[in-house]
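1. The following block contains a protein sequence and its predicted model.
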Amino acid sequence: MSKKWISVLCVTACASSSFALNLSELQGERRVEFRSPQGLAEVCVVPKKWPGASYRADDVEKENDLCSYDFHTNMGICPKYTSTNPAILLLKPNASYSKAAIDASNCDVKKMNVKTEAKFKQSVTCSYTPAILAYYPVSRILGNVGRVPVAVIRSMDRDVHSRQTDKAIAHFQNSADDIKYSWNAMGKVHKNPANYPTVIDGTLSQIYGALSDNIKNEEQYVEVSGKGSYDTRYERFLQQPPFLKVSGSQTVEQMLGTKDFAAVAQTVTQMKDVSDLVLLDTLMNQQDRIGNIHYKFYWYAAHPSTQKIERMKSEAKWVGNQLQVPQAERDLMTGKQAALIKEMVLKDNDCGIVKTNMMRRVSALEKVRHMSYNTYRRFMAFERTLKDAYTKDYFMKEMLFTSSDYGVLVGNATKAKQILLSKCQAGELIFDVDLETYIPGATKPSYRCDL
């Protein structure tokens, strides 16, 4: 990501709207207030749930955790020094580092060995608050595709954030890292707060953005993203083996020569994850996905008697080039129809909605031949709701969308429906990446294109 690109984006994203947020009007499903040292009422707002979406069992727990984090009492705070977009890290105090010690430190997070529980980001540089917020419910609407982390609306006393910004700017004073320019851009926000209504609230006393859960111990999904130039990252993605499988005409059974659950589980899961990713990022106008794709290990075990898949977290990890799987896990799975799976995680969703839609630019969805019927069915149902006043109101109130933002989502969904429906009707869409259909004894599902 070039420095020039970052600087241009800051001016565009931060000054493009006359929208001034009134924090007192935010209610959502749940609202929590915190007092800053200056006596300001900072807010944490859990957006309302979308009816019928596939929320996970622990989503509410994560929302509650996020809205229990107090910048001034129970969590250490530090500016983020890595990657390209500025953020405030919420760090959990431990026996070695109290909150006071964390706050007073030089913020070498790895050296301190403290856990980053959450990240607080704003609409600066590539990042856009409504994109971070909306990825969460849209992923659940589509069936929990991408396993996107929970996100809530949060505000912070501007004086407190300004001191964190100054700390970051001082840290990068003699650096050439890209994030230096991002923090400098944030410094401009604090110098002229009235010019940045997508970052500063209407009273000019608080900064607001998205507070998202920080997924831990994930691995880079290099086999999906590939390695190479940033400028050609999307073209490279289309040439990686996982996408070539998704865009190929062979069925999973033809590719692998079997329909055995344990034998196909990893391939089917990966293909579903890749096609889900393409659809989700197409809808959300994502600009910076490739290189920001991760995974975590889980065991999947099929149970023919219940037609269910048991999912168990794995402690498998890479040591050099060797994957080490705990023997206790192997023993537990002995005799079961089970496989160790890489579950894709889309944890960085900043650069969406008002950015360049890179999936559309490279016509990725047009190339997809394999898709989850569950994802297809859920998407078609969601697309139909986009003409309803309720849906627009939901995204504008709960996700902080502007009317223009909503128009982008509608336009992308309309295009995606045209592509998928025409491919389905032409027999060019293969619904063979729902892993449940590979459980022994599973009933062969019937498919309809025009839902």
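-> Received, thanks. Residues are numbered from 1 along each chain as shown.
2. From L244, how far out is the closest residue to K80 other than its chain neighbours?
-> The spatially closest residue to K80, leaving aside those adjacent along the chain, is A87, at 4.2 Å (Cβ to Cβ, 6 or more residues apart in numbering). Using the backbone N, CA and C atoms, a C-beta is placed for each residue, glycine as well. Distance, A87 to L244, using Cβ to Cβ, to the nearest Å: 34 Å.
3. now the strands for the stretch 51-200 of the chain?
-> Along the stretch 51-200 of the chain, the stretches classed as strands by DSSP state E, counting those that start in this stretch are 76-79, 88-92, 115-121, 151-157.
4. I'd assumed V124 was in contact with the residue nearest to K80.
-> No - if you go by Cβ atoms under 8 Å, A87 and V124 don't touch, sitting 9.6 Å apart.
5. Share the number of residues neighbouring E25, please.
-> A count of neighbours around E25, defined by other Cβ atoms under 10 Å, yields 8.
6. Quickly note the distance from it to V43.
-> Distance of E25 to V43, given as Cβ to Cβ: 10 Å.
7. Now do the helices in the stretch 301-450 of the chain.
-> The residue ranges that make up the helices of the stretch 301-450 of the chain, judged by DSSP state H, counting those that start in this stretch, are 327-333, 358-361, 364-367, 373-385, 389-398, 403-425.
8. For V278, find the nearest of those helices.
-> The closest approach between V278 and any of the helices of the stretch 301-450 of the chain, judged by Cβ to Cβ, belongs to helix 364-367 at 4.8 Å.
9. what separates that closest one from the chain centre, distance-wise?
-> In this view, helix 364-367 has its centroid 21 Å away from the chain centroid, taken as Cα atoms, centre = their mean, to the nearest Å.
10. Identify each buried residue in it, please.
-> For helix 364-367, burial by neighbour count (16 or more other Cβ atoms under 10 Å) applies to A364, L365, E366, K367.
11. what pLDDT, on average, does it get?
-> Mean pLDDT, computed over helix 364-367, is 99.
12. Tell me which residues are up against it.
-> Contacts to helix 364-367, defined as Cβ atoms under 8 Å, 6 or more residues apart in numbering, come from residues 234, 237-238, 243, 246-247, 278-279, 282, 359, 416, 419-420, 423.
13. need those in a markdown table with distance to Q337 and pLDDT, can you?
-> Supplementary listing: the contacts of helix 364-367 in a markdown table, determined by distance: Cβ to Cβ, whole Å; pLDDT from 0 to 100:
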| residue | distance to Q337 | pLDDT |
| --- | --- | --- |
| Y234 | 37 | 98 |
| F237 | 32 | 98 |
| L238 | 33 | 98 |
| F243 | 28 | 99 |
| V246 | 24 | 99 |
| S247 | 29 | 99 |
| V278 | 29 | 99 |
| L279 | 29 | 99 |
| T282 | 34 | 99 |
| M359 | 35 | 99 |
| A416 | 35 | 99 |
| I419 | 35 | 99 |
| L420 | 32 | 99 |
| K423 | 32 | 98 |
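14. Tell me who's in contact with F379.
-> The contact partners of F379, by Cβ under 8 Å, 6+ apart, come to L142, L279, A413, A416, K417, L420.
15. how does it look with 6 Å?
-> Listed by Cβ atoms under 6 Å, 6 or more residues apart in numbering, the contact partners of F379 are L142.
16. Against C424, how distant is it?
-> When distances are taken as Cβ to Cβ, F379 and C424 turn out to be 12 Å apart.
17. can I see the domain layout of the chain?
-> Structurally, the chain divides into domains by automatic domain parsing as follows: 3-213, 219-438.
18. Let me have the ones you listed in a markdown table, extended by distance to S446.
-> Listed next are the domains of the chain as a markdown table, based on distance: least, Cβ to Cβ, whole Å:
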| stretch | distance to S446 |
| --- | --- |
| domain 3-213 | 18 |
| domain 219-438 | 10 |
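19. Quickly, which of these bottoms out on average pLDDT?
-> That would be domain 3-213, which, of all the domains of the chain, carries the lowest mean pLDDT at a mean of 93.
20. for stretch 280-288, the distance to its chain's centre please.
-> Taking Cα atoms, centre = their mean, one finds stretch 280-288 lying 10 Å from the centre of the chain it belongs to.
21. Contacts for it next, please.
-> When contacts are taken as Cβ under 6 Å, 6+ apart, the neighbours of stretch 280-288 outside the stretch itself are 126, 145-146, 289, 351-353, 355-360, 365, 408, 412-413, 416.
22. Sounds good, over and out.
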